[in-house]
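Asker: any chance you could fold what I've pasted below:
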Amino acid sequence: MAWTPESIHLLLARLRSNAGDFTDVEVRGASKGCPDLKETLSAFGNMPGGGNIVLGLDAANGFTATGIEDPGALEALVASQAHTAVVPEVQVAFERVVLDGETVVIAKVAGVAPEARPCRTVQGNLAYLRQSDGQYRMSEQEVQQLLAAGARPRHDTRPVDETSMADLDSQLRDHFIAVARSTSRRLSEVSDEEVLRFKRVIEPQGDRLTLAGLYALGRYPQQFEPHLSITAVAEPATRGEVRNLDRVEFDGPLPELLDRAVEWVQRNTRTEVRFGSNGHGQDETEMPMVAVRELIANALVHRDLGPHTTGKNVQIRLTGDQLVVSSPGGLWGLSQDQLGWPGAKSSVNEFLYEICKMTRTASSHRVVEGEGGGLREVRLALRDAGLRRPGFNDNGVRFTASIPRGTPLTAADRQWLGELPAAAGLSEIQKQLLVSMHHGRSWNSELVQDEFGFFDAAEAVSSLQGLVHAGLAVATGKGASFAITPALVPAAVEVAASPVDSSPTTGLYAGSQVGHDISASQAAPALRSPEPMKTSKNAAAILRELGSVPVEVADISAKTGLTANQIRYALSPLLTSGIVVREGGQGHKVTTYSRAGS
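Answerer: Now for the predicted structure:
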């Protein structure tokens, strides 16, 4: 999509909430000239979807815009590195956005063709990949995995030594044979062994099980292939001495892995009672379990089963704000942008997929429906629950999917909504949009569609127009953007120097984990950040030292004992929200800070 000030502001909120880059976004300062980008270009070149390099932001100072003195010259230098610093060269397209009066350059790096990977640096002949918020050198095993990804995989039909039909789970085997016969006239006329052979549960010539047959129907697949397992970890909501609340390893055949993993997610997430407009309460989970099941099933069925993934299993991680499911291998036969959309269907492991279509779990669920619409159902379930769209990331050797844990509306937000009679009939998504507007954000249909995963742009427009018809929002400019109606804009409120709420709450407005600037008891002050974010734990201490007399960072450090980096990080959201005023800035010899309105 084309970058706009609104989409950049949305990205900034996500970056500040995450306190770092993302797998497909790297922020680099460029105030001192063009940085060395060879490792980043290699990493993005090796990713099927490429990535974005955002130049002109200061990551160490809350991702503030520092600007670029000569954007044209910088773009030429980046393009030169893309052509000469990596092999094969990568394609880069540039966009410019003015942010807070400063020009920011976004370099969109395209992934190289699968048959041309890996993309290596000319200096050192090294290949890199992105992981979380940085790049790392690829291992030889990962290089081989990239090389193998260019060909149609057939690893699921590999016979597994020392196995036989005796290693099949009898209940899974018998049910599979019965279903296979019921769906095919040909198979209804052959023996049990021939059904298993035709469906590649056992090898065409011989008695060994195939990897697909062992994985889906085996009594204990890990006896022969230990990596056919799941590692699940639940992280604590806040960092402390306890690293993980719940860490487990799941083994057994694929249907059992799926059932146990979904049960584990349910056990480690909350169920809340929510009251509808009819006054009746109903239990609602943080995440639609149908979406959870589909994501885990996809990870298990579509994982890379090649020899280069030995030792790599499916991993599930519950963080404070989302569920993350990752599996070895990347996409095959479709792009990341096609995931979850109608018609997007491709099986990495064709025979395993066909076996799983005819296999049920102990909870009587099919492992896969076989229509290729699993990720579409994920998007629909999340949308119906009022949650933002799922996140997908394919770095070529590992695929990761994530969904948020619950909506970001706080008790204070819902109380405010409850005081608006016109808000009673709003959908969950409309409520989130309205609260976001209440906190200073504006929205357009493109951002709404991107954030909540609407399949049709008309649905996004309808959600915004519904707020207008209810008298809660107005169209601004030429009607492309929508903001809260002026009658609902809160009056200015003096911000008290009480402790800042640093609890790990989820935020809507960035589409990721964010928090509030002040405690909920202070009831939504006017001077809020347009992109609410998680406030630093040091913000309260800094606010106590600020008054009407401007002070420098060194003064704050002497009084609080905090480092300059800690102070600047904590000041960033306070500056954005207008709670703190800065005099000076980049290029000035002296920069001071004071409380607004003091």
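Asker: which helix or strand in this structure has the lowest average pLDDT?
Answerer: When each helix and strand of the chain is scored by mean pLDDT, DSSP states H and E, strand 271-275 comes last, with a mean of 59.
Asker: hey, where'd the strands end up in the stretch 451-598 of the chain?
Answerer: 473-476, 481-484, 580-583, 592-595 (DSSP state E, counting those that start in this stretch).
Asker: wait, a helix at Gln266?
Answerer: Yes - Gln266: assigned to a helix according to DSSP: H, G, I helix; E, B strand; the rest coil.
Asker: residue boundaries of the strands in the stretch 251-400 of the chain?
Answerer: Under DSSP E, counting those that start in this stretch, the stretch 251-400 of the chain gives strands at 271-275, 281-285, 314-318, 322-328, 391-394, 398-404.
Asker: do the stretch 1-150 of the chain as well
Answerer: So, for the stretch 1-150 of the chain - with DSSP E, counting those that start in this stretch - the strands run 25-28, 51-55, 57-58, 64-65, 86-87, 92-99, 102-109, 120-121, 128-131, 134-137.
Asker: which intervals of the stretch 1-150 of the chain have sub-threshold pLDDT?
Answerer: The stretch 1-150 of the chain contains residues with pLDDT under 70 at 1-2, 5-6, 13-14, 16-21, 132-133, 148-150.
Asker: can you list the residues that contact stretch 417-429?
Answerer: Contact with stretch 417-429 is made by 277, 383, 385-386, 407, 409, 431, 434-435, 448, 452, 463, 466-467, 470-472, 488, as judged by C-beta atoms under 8 Å, 6 or more residues apart in numbering. Every residue, glycine included, has its C-beta placed from N, CA and C.
Asker: buried subset of those?
Answerer: Using 16 or more other C-beta atoms under 10 Å as the burial test, the contacts of stretch 417-429 include 383, 385-386, 407, 409, 431, 434-435, 448, 452, 463, 466-467, 470, 472, 488 as buried.
Asker: hmm, back to that, closest to Val98 out of the strands of the stretch 451-598 of the chain?
Answerer: strand 481-484 (16.4 Å; C-beta to C-beta).
Asker: the closest one - which strands sit beside it in the sheet, and in what orientation?
Answerer: strand 443-444 (antiparallel), strand 473-476 (antiparallel) (DSSP bridges).
Asker: got TSV for those strands, with mean neighbour count and mean pLDDT too?
Answerer: Converted to TSV, the strands paired with strand 481-484 look like this (neighbours: other C-beta atoms under 10 Å; pLDDT from 0 to 100):
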stretch	mean neighbour count	mean pLDDT
strand 443-444	22	84
strand 473-476	16	86
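Asker: can you show me the helices along the stretch 451-598 of the chain?
Answerer: Along the stretch 451-598 of the chain, the segments classed as helices by DSSP state H, counting those that start in this stretch run 457-469, 539-545, 553-560, 564-577.
Asker: same check on the stretch 1-150 of the chain?
Answerer: Using DSSP H, counting those that start in this stretch, helices in the stretch 1-150 of the chain cover 5-18, 38-46, 71-84, 140-148.
Asker: most packed of the ones you listed?
Answerer: Most buried of those, by mean neighbour count (mean count of other C-beta atoms under 10 Å): helix 38-46, with a mean of 27.
Asker: for the spatially closest residue to Val54 that is not a sequence neighbour, list the residues it contacts.
Answerer: Spatial nearest neighbour of Val54, chain neighbours left out: Val27 (4.8 Å); criterion: C-beta to C-beta, 6 or more residues apart in numbering. Val27 makes contacts with Leu15, Asp21, Val54, Leu57, Ala59, Phe63, as judged by C-beta under 8 Å, 6+ apart.
Asker: likewise for Ile296?
Answerer: Ile230, Leu258, Ala261, Val262, Val265, Val314, Ile316, Val325.
Asker: burial measure for the last one, as a count.
Answerer: By that I understand Val325. 26 (other C-beta atoms under 10 Å).
Asker: surely it and Leu318 touch.
Answerer: No - the criterion here is C-beta atoms under 8 Å, and Val325 misses it with Leu318 at 10.1 Å.
Asker: what about Leu37, how many residues nearby?
Answerer: 23.
Asker: next: Asn52.
Answerer: 18.
Asker: re the thing from before, so can I have JSON lines of the strands of the stretch 1-150 of the chain showing distance to Ala166?
Answerer: JSON lines is the format used below for those (distance: least, C-beta to C-beta, whole Å):
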{"stretch": "strand 25-28", "distance to Ala166": "51"}
{"stretch": "strand 51-55", "distance to Ala166": "49"}
{"stretch": "strand 57-58", "distance to Ala166": "61"}
{"stretch": "strand 64-65", "distance to Ala166": "66"}
{"stretch": "strand 86-87", "distance to Ala166": "51"}
{"stretch": "strand 92-99", "distance to Ala166": "57"}
{"stretch": "strand 102-109", "distance to Ala166": "52"}
{"stretch": "strand 120-121", "distance to Ala166": "47"}
{"stretch": "strand 128-131", "distance to Ala166": "41"}
{"stretch": "strand 134-137", "distance to Ala166": "43"}
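Asker: residue nearest the centroid of this structure?
Answerer: When C-alpha atoms, centre = their mean is applied to the chain, the residue found nearest the centroid is Gly391 (3.7 Å).
Asker: quick one, what contacts the closest residue to that one other than its chain neighbours?
Answerer: Distances taken as C-beta to C-beta, 6+ apart put Ser402 closest to Gly391, at 4.3 Å, once the chain neighbours are dropped. Applying C-beta under 8 Å, 6+ apart, we find Ser402 in contact with Gln322, Leu323, Val324, Val325, Pro390, Gly391.
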